[in-house]
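Engineer: How does the following fold in three dimensions:
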Amino acid sequence: MAELPDQLTRVHEVFESLVDTYADKDAVVCSGQRISYRTLNERANRLAHFLIGLGVQHEEPVGVAIPKSCDLIIAMMGVLKAGAAYVPLAESLPTARLREVIDDAGCTRVVSIPGHLDPLWTNAERVITLDETKNSEATNPGLAGAETDLAYVLYTSGSTGEPKGVQVEHAGVVRLVRGQDYMPFNADTNHIFLGPISFDLSTLGIYAPLLNGSTMVIEPELIPDADELAELIRNERVGAGMVIFGMFTSLFEARPELFEPMSTVLVGGEAVSASVMRRAMQRLPNTRFVNAYGPTE
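Structural biologist: Predicted coordinates:
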């Protein structure tokens, strides 16, 4: 893995440093759509310039309400490039819960798509679509900032009675996926993004590939079909990824060979079962399993 200049301490800066090298390579693949590093960068830049023109402030929380797709990744990266912090708003959560998140985070701007979660919005929010940004500048905004800048706010499950926002800085994301060896972090290993955007494991699914020059393969379904997922993993040459343990168990029991093409599988999101993992390691001797369980709360 190539070393990065010391000044590249924020998520989007690391991504931008890879764009020229991997310009035409697939950055994100989802439901038949493929976008390159160049396209992702340019479209994220257009959103960033649009947000800056609206007066978005440094570290301002901006809601992102887009289903799992290439557009979701564009929106998240665009918010970061604008110097703001994104707040994922997953459609799988109840409207009342999402309303609590928006109010608690103080989101007055939301990036979404037409018709999506419309009952959620009030006059307090400015809802922005990517189509609005198509005439904005495509160059990197190049705003000054630091590794301690806020990157995103992720809300916990609310098991203590109400959701709590966990604030994650750019440095935390970069250190998670750069210079580490607990899974393949290189340009040759494609990663799969499973599960909802509201889970903390989504950070790894998104930035492990995008900050290392590889391809992120999105499984759009929150509860994927084992046969369809096996085909996706095989066709897109997926080599690594993180899976919520409950999902892993269901998929492994339905079709254990599903994970054979993957060199590394991280399991987490909940405590793992030793008996299930013992069977998985026996059935898949060439796959390395890593227990990544660690509650956000």
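Engineer: ok, and the closest non-adjacent residue to Ile192?
Structural biologist: Nearest residue to Ile192, sequence neighbours excluded (Cβ to Cβ, 6 or more residues apart in numbering): Gly241, at 3.8 Å. Bear in mind the C-beta positions are built from the backbone N, C-alpha and C, glycine included.
Engineer: Past the helix or strand encompassing the one you found, which element shows up next along the chain?
Structural biologist: For Gly241, the host element (DSSP states H and E) is strand 238-244. Where DSSP H and E defines the elements, the next helix or strand beyond strand 238-244 is helix 245-254.
Engineer: Buried residues of that following helix, list them for me.
Structural biologist: Residues of helix 245-254 classed as buried: Phe245, Met247, Phe248, Thr249, Leu251, Phe252 (neighbour count, 16 or more other Cβ atoms under 10 Å).
Engineer: and the helix or strand following that helix, what does it pack onto?
Structural biologist: Sequence-wise, the next helix or strand downstream of helix 245-254 (DSSP H and E) is strand 264-268. Secondary-structure packing of strand 264-268 (3 or more Cβ pairs under 8 Å, 6 or more residues apart in numbering; DSSP states H and E): strand 238-244, helix 245-254, strand 288-291.
Engineer: Describe which strands strand 264-268 pairs with in its sheet and in which direction.
Structural biologist: Its sheet considered, strand 264-268 pairs with strand 238-244 (parallel), strand 288-291 (parallel) by DSSP bridges.
Engineer: Highest mean neighbour count out of those strands?
Structural biologist: Among the strands paired with strand 264-268, strand 238-244 has the highest mean neighbour count (mean count of other Cβ atoms under 10 Å), at a mean of 24.
Engineer: Show me what that one is in contact with.
Structural biologist: The contact list for strand 238-244 (Cβ atoms under 8 Å, 6 or more residues apart in numbering) reads 183-184, 188-195, 199, 201, 204-205, 208, 217, 232, 251, 261-270, 292.
Engineer: again, but for stretch 29-39
Structural biologist: With contact meaning Cβ under 8 Å, 6+ apart, stretch 29-39 is reached by 18-19, 22-28, 43, 68-70, 74, 213, 215-218, 220, 236.
Engineer: Just the buried residues of the residues you listed.
Structural biologist: 18-19, 22, 25-28, 43, 68-70, 74, 213, 215-218, 236.
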